[in-house]
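In: Pasting the sequence and the predicted model now:
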Amino acid sequence: MNASCHGADPSIIVATTCTIPSASFTQAPFNLVWGSQINATVTAVNNKGLSVTSEKGSGAVILTRPQAPLNLKDRPTITTSTQIGLIWDVVPVSDNGGTPVVSYSIFKAVLSVSNDYSTAATGLTTTDYIVEELVAGTTYSFKIQAYNNFDYSLDSLPTSILAAQQPDKPAPPTTSLSGTSLTIDWNAPNDQGKFIDYYIV
C-alpha cells in the first residue's frame, strides 16, 4: 500500500489512522476509475505473529471534480438584442468525477469593459439557459462550470456572443416624382444591436 499508510510507522501505530490521496487509487497498481468504492482491512502484528484480519470496513467512494462542460454555444432562435440563449453538452458519466453532475453555473463578462466574470446563474439542472436584461449591441463572453457533490469543475472554454437580432421592420417608404426621377425615401428601423449592412429596395 502507499507509503502514507504504512502500518509500521510509529505515528500510525499510535493514531490508528492514516490518509491516502484518492488519486493514488486511479494510478498503478490499482488503476481504479473515479466512483470506485474502496474497502480496507486491518491486521495487527506483534512479535508473536499476526492477528486474524479484520472484516472489510465501511467503504468510501473515491471522487474528484467533474470535467468542464463542452460545446457552450449560442441559440440563435432565442438570442435577441436583450437576451442570449445558451446551450451546452451534458457532462458524460465518464467525466463526472465518480458521482453525477447535479448542477451548472454560468458566468458572464462584457468584453469591451473587462475580462472579469460575474455570476449569471447558479444551480441550473438543465443544459440550456436564457441570460436576460442585456444591452443591445454588446458582446458578452460566457463560461460555465459543472458541479457534483465533491466540487466544481474548472471553467469551460469561453464563448463570445453578440446581443443582437435582425432589424425591425421598416415603416412604409415614401415615393415622389421630380421631373423624370423617382425618389424613394424611408426611415432607418431599429437595428436591434447590429448595424444595418444594406437595404433591399
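Out: All right, it came through fine.
In: how near is the residue lying farthest from the centre of the chain to Pro173?
Out: When distances are taken from the C-alpha mean of the chain, Gly179 lies farthest, 65.1 Å away, according to CA atoms, centre = their mean. Gly179 sits at a distance of 19 Å from Pro173 (criterion: CB to CB, to the nearest Å). Where C-beta positions appear, they are placed from N, C-alpha and C, glycine not excepted.
In: Also Leu182?
Out: For Leu182 relative to Pro173 (CB to CB), the value is 11 Å.
In: higher neighbour count, these two?
Out: In terms of neighbours (other CB atoms under 10 Å), Pro173 is the more surrounded of Leu182 and Pro173; the figures are 12 against 9.
In: With adjacent residues omitted, what lies nearest to that one?
Out: Trp186 (3.8 Å; CB to CB, 6 or more residues apart in numbering).
In: Which secondary structure element is home to the spatially most central residue of the chain?
Out: Compute the mean C-alpha point of the chain, and by CA atoms, centre = their mean the closest residue is Gln145, 2.5 Å away. Per DSSP states H and E: Gln145 is located in strand 139-147.
In: Sheet partners, orientation included, of the following helix or strand past that strand?
Out: Next helix or strand after strand 139-147 toward the C-terminus (DSSP H and E): strand 159-162. For strand 159-162, the pairing partners within the sheet under DSSP bridges are strand 139-147 (antiparallel).
In: What's the mean pLDDT across the partner strand?
Out: What strand 139-147 shows for mean pLDDT is 97.
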